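1. I'll drop the sequence and a predicted model, then ask my questions.
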Amino acid sequence: MEQEALKKYFLRCAGPFGTGDADVRRNLELKRDHTLRVVRLAASLAQAENFSSRETELLMPAALFHDLSRFEQYRRFRSFNDAVTYDHGERSFELVRERGLLADLPGDEQNAVLCAVRFHNKLEIPPDLPPAAKKILLAVRDADKTDIMGILLEYLKNPGNPAIVYGLPDNGALSARVRDAVLAGRSPAHRELESSLDFLAAKFAWGFDLNFGWTCREFLRRGYMERLRALLPEKPEVLDVMLQKVSDHLRKKGK
Ligand SMILES: [Fe+2]
């Protein structure tokens, strides 16, 4: 399928939005708009990082389909929490493969796009991916994080949609496991998150998990980490240490 046909297909999967349930509609629209922004961010990254035209062409369907299962997930479970539903990267991978959406591409290129979809949300990526597949995957992961940080910061300004923080309790507690993981520059696993503060503090660790200089500069330009800190409670003070560490890292890697 051509890029335009793929986009139309994606939009059909995302809808319809005319159902009576306002919560479902809001969350499907949120994921649709997220994906469309990730596609644009991925294009900007590819340009800034001198991707070849072929690499850019493969990055587009990877970005477009990385969250394809989110629509089904929310319709079925009313939740985006993979820990209690399914791994949405695995499920998106299955959908893209089963529906033959990449049938026009040679096998190794299909594989590169499928890998990016499948592993975009994993804590760690497999060590033995072919370099071409790895590059597409790393770019999708960066573009995805760049957009999700914006969504989260908007949520924090007006915390009215608990689906964004997976419905975790807002009890102001930061668990020791999450604290230690972030200070070590490591993202905690979903199942380790016990509160909305855990969920949000874990986002500091995203700054350590960016792959391209462009993305680090984009995080700095958008003030993501400072804005995150400003919207979290004043205590515990270790949140300030997290901000300092991640900011130093982004400045170094973004050079
Ligand atoms: Fe995702």
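-> All right, it came through fine. None of the values given here were measured: they were computed from a predicted structure.
2. would you check how far apart the closest residue to the ion within the stretch 151-255 of the chain and residue 63 are?
-> As assessed by CB to the ion, the ion sits closest to residue 151 within the stretch 151-255 of the chain, at 11.6 Å. All C-beta atoms are positioned from the backbone trio N, CA, C, and that covers glycine. Relative to residue 63, residue 151 is positioned 16 Å away (CB to CB, to the nearest Å).
3. so between the two, which is more surrounded?
-> residue 63 (30 against 16; other CB atoms under 10 Å).
4. and the spatially closest residue to that one that is not a sequence neighbour, how far from the ion?
-> Closest residue to residue 63 in three dimensions, ignoring its sequence neighbours and counting by CB to CB, 6 or more residues apart in numbering: residue 42, at 4.1 Å. According to CB to the ion, to the nearest Å, residue 42 and the ion sit 13 Å apart.
5. right, and residue 42 touches residue 146 too?
-> No - Residue 42 is beyond contact range of residue 146, at 9.2 Å (criterion: CB atoms under 8 Å).
6. dump the C-alpha coordinates for stretch 100-120 into PDB.
-> Listed next in PDB are the C-alpha coordinates belonging to stretch 100-120 (Å, rounded to 0.1, in the frame of the first residue of the first chain):
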ATOM      1  CA  GLY A 100      -0.700  -8.000   5.600                       C
ATOM      2  CA  LEU A 101      -0.300  -4.200   5.700                       C
ATOM      3  CA  LEU A 102       3.300  -4.200   4.600                       C
ATOM      4  CA  ALA A 103       2.900  -6.800   1.800                       C
ATOM      5  CA  ASP A 104       4.400  -4.500  -0.800                       C
ATOM      6  CA  LEU A 105       7.800  -4.300   1.000                       C
ATOM      7  CA  PRO A 106      10.700  -6.800   0.600                       C
ATOM      8  CA  GLY A 107      11.000  -9.200   3.500                       C
ATOM      9  CA  ASP A 108      13.900  -7.500   5.300                       C
ATOM     10  CA  GLU A 109      12.100  -4.100   5.100                       C
ATOM     11  CA  GLN A 110       8.800  -5.600   6.400                       C
ATOM     12  CA  ASN A 111      10.800  -7.000   9.200                       C
ATOM     13  CA  ALA A 112      12.400  -3.700  10.000                       C
ATOM     14  CA  VAL A 113       9.000  -2.000  10.300                       C
ATOM     15  CA  LEU A 114       7.500  -4.900  12.300                       C
ATOM     16  CA  CYS A 115      10.400  -4.800  14.700                       C
ATOM     17  CA  ALA A 116       9.900  -1.100  15.300                       C
ATOM     18  CA  VAL A 117       6.200  -1.700  16.000                       C
ATOM     19  CA  ARG A 118       6.800  -4.700  18.200                       C
ATOM     20  CA  PHE A 119       9.600  -3.300  20.400                       C
ATOM     21  CA  HIS A 120       8.700   0.400  20.500                       C
END
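7. tell me the SS of residue 188?
-> Secondary structure for residue 188, judged by DSSP: H, G, I helix; E, B strand; the rest coil, is coil.
8. burial of it, as a residue count?
-> 22.
9. so who does it touch?
-> 177, 178, 181, 182, 198, 202, 205 (CB atoms under 8 Å, 6 or more residues apart in numbering).
10. show me the contacts for the third one.
-> When you say that, I think you mean residue 181. By CB under 8 Å, 6+ apart, residue 181 lies in contact with 187, 188, 192, 202, 205.
11. can you count the residues close to residue 52?
-> Counted with other CB under 10 Å, residues neighbouring residue 52 total 11.
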